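Chemist: need a 3D model of the sequence below.
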Amino acid sequence: MDAELTIMECDESMTKAVEHAIHEFATVRTGKASPALVENMDVHVHSYGSHMKLKQLAMITTPDARLIRIEPFDSSTLQDIDRAIRESRLGLNGSIEGKVIRLPIPALSQERREQMVKMVKQLGEEARVRVRSARRHALETLKAGEKDSSITEDDLHRLEKDVQTMTDKKIAEIDQHVVSKEKEILTV
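Modeler: Take a look at the predicted model:
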């Protein structure tokens with residue numbers, strides 16, 4: 001067992017958890033248009049017979065702060081994209097104008113903003129759980145290494161402190177992103 005490899009794997013897992021949380025936060029609607037709201041939406045394309053991400057099917061732009069414009073590369077996918085948007089959890093309804101879908105982003109009510117903040121906090125907690133899971137896995141691996149005498153007891157204690165420091169840093173980073181997104185949502 002290589003202790004340094006275990007620490008590197010733990011750091012990588014924690015970093016991925018933070019990056020995933022940041023990506024998830026980008027999909028939370030804040031009242032202003034952003035391509036990130038829809039670009040990773042799964043669209044079942046009947047003519048292709050498969051699921052694809054919206055960003056693979058269309059050019060997504062934001063001509064102004066309250067509008068997302070979706071222009072499919074292949075106009076035969078227009079109806080599939082429109083259906084995927086209507087069925088998504090975003091609660092948005094687009095309008096088809098020629099070969100383009102215009103997706104107006106309505107202003108959020110205070111109640112809806114509070115729901116979005118709860119969702120962001122839940123996503124943050126899920127990310128913290130993933131970070132703690134990476135910590136637990138690393139600590140178990142290190143303790144197993146100490147049992148089979150590949151690391152000393154002193155090394156184990158030092159490495160446990162390193163893992164805890166890394167965990168605290170990543171959780172603080174997640175908390176910072178949660179607060180930032182919360183502020184963004186509550187800004188009218």
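
Chemist: going forward, measure contacts and count neighbours with C-alpha atoms only.
Modeler: Fine.

Chemist: now do stretch 148-159, average pLDDT.
Modeler: Stretch 148-159 carries an average pLDDT of 88.

Chemist: does His23 count as helix, strand or coil?
Modeler: Following DSSP: H, G, I helix; E, B strand; the rest coil, His23 is assigned to helix.

Chemist: now Ala84: how far from Met41?
Modeler: 8 Å (CA to CA, to the nearest Å).

Chemist: tell me what His44 is bridged to.
Modeler: Beta bridges link His44 to His51 when assigned by DSSP bridges.

Chemist: can you list the domains in the chain?
Modeler: As assigned by automatic domain parsing, the chain contains the domains 3-26+109-186, 35-104.

Chemist: now render those domains as TSV, adding mean neighbour count.
Modeler: Converted to TSV, the domains of the chain look like this (neighbours: other CA atoms under 10 Å):
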stretch	mean neighbour count
domain 3-26+109-186	17
domain 35-104	16
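
Chemist: pick out the shakiest of those, pLDDT-wise.
Modeler: Lowest mean pLDDT of these: domain 35-104, a mean of 84.

Chemist: what helix or strand is the residue in the chain sticking out farthest from the centre on?
Modeler: Within the chain, the residue lying farthest from the chain centre (CA atoms, centre = their mean) is Ser149, at 39.7 Å. Of the helices and strands defined by DSSP states H and E, none includes Ser149.

Chemist: so which residues of this protein form strands?
Modeler: 42-45, 50-53, 58-64, 67-72, 95-97, 100-104 (DSSP state E).

Chemist: between strand 100-104 and the longest one, find me the angle.
Modeler: Regarding strand 58-64 and strand 100-104, their directions subtend 40 degrees when assessed with axes from the mean of the first three to the mean of the last three CA atoms, to 10 degrees.

Chemist: partners of strand 58-64, with directions?
Modeler: Strand 58-64 has these strand partners (DSSP bridges): strand 67-72 (antiparallel).

Chemist: now do the partner strand: everything it contacts.
Modeler: 32-35, 57-63, 78, 99-105 (CA atoms under 8 Å, 6 or more residues apart in numbering).

Chemist: packing partners for the longest helix seen in the chain?
Modeler: Assignment by DSSP state H gives helix 110-147 as the longest helix of the chain. Judged by 3 or more CA pairs under 8 Å, 6 or more residues apart in numbering; DSSP states H and E, helix 110-147 is in contact with helix 3-26, helix 153-186.

Chemist: point to the residue nearest the middle of the protein.
Modeler: Most central in the chain under CA atoms, centre = their mean is Glu24, positioned 2.0 Å from the mean C-alpha point.

Chemist: that one contacts Leu123, doesn't it?
Modeler: Yes - Glu24 is in contact with Leu123 according to CA atoms under 8 Å; the separation is 7.3 Å.
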